[in-house]
Each structure stands twice: as structure tokens, then as C-alpha cells.
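Participant: got a sequence here, can you build the structure:
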Amino acid sequence: MFSLLSLYFAYRRDVLMAERHVAGLVRTQAQAADTVTPAPIEELPLAA
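Facilitator: From the prediction side, this is the model:
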């Protein structure tokens, strides 16, 4: 019985960690998209 409980709680811990990780990625990407400013494109000379 103990092993079943420990397996269940280990599974829940992994699921919660994954959910927090994905939520952090989504939040980070949204903030990064808001702060991006387009840079001017410069023509570079071709190397000889």
C-alpha cells in the first residue's frame, strides 16, 4: 500500500512541476514578444 501511495505522489509532483514549467515558458514568451523592437537592416559589404 505504501508503494502505491508513494508512486501516486511522485506522479503528482512530476505533473505539477511540468505544469509550472510550461506556465513559466508561456509567461516568458509573452513578455519577450512585448519587448521586441525591430532593428534596422544594414547592408553589409560582401567579403572578397
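Participant: just for this protein, where's the confidence low?
Facilitator: Applying pLDDT under 70 to the chain flags the ranges 1, 27-39, 44, 48.
Participant: can you do 90?
Facilitator: By pLDDT under 90, the weakly predicted segments of the chain are 1-5, 7, 16-48.
Participant: which element is S3 on?
Facilitator: For S3, the element it lies in under DSSP states H and E is helix 2-35.
Participant: again with A47
Facilitator: Using DSSP H and E, A47 falls within no helix or strand.
Participant: tally up the residues packed near it, please.
Facilitator: Applying other C-beta atoms under 10 Å, we find 4 other residues in the vicinity of A47. Every residue, glycine included, has its C-beta placed from N, CA and C.
Participant: for it, give its distance to R12.
Facilitator: In this structure, A47 and R12 are separated by 57 Å, where distance is defined by C-beta to C-beta, to the nearest Å.
Participant: then H21?
Facilitator: From H21 to R12 the distance is 15 Å (C-beta to C-beta).
Participant: and L5, by the same measure?
Facilitator: The value you get for L5 to R12, if C-beta to C-beta is used, is 11 Å.
Participant: try E42
Facilitator: Counting by C-beta to C-beta, the gap between E42 and R12 amounts to 53 Å.
Participant: these two: which is more packed in?
Facilitator: When neighbours are counted by other C-beta under 10 Å, E42 and R12 differ, and R12 comes out ahead with 10 against 5.
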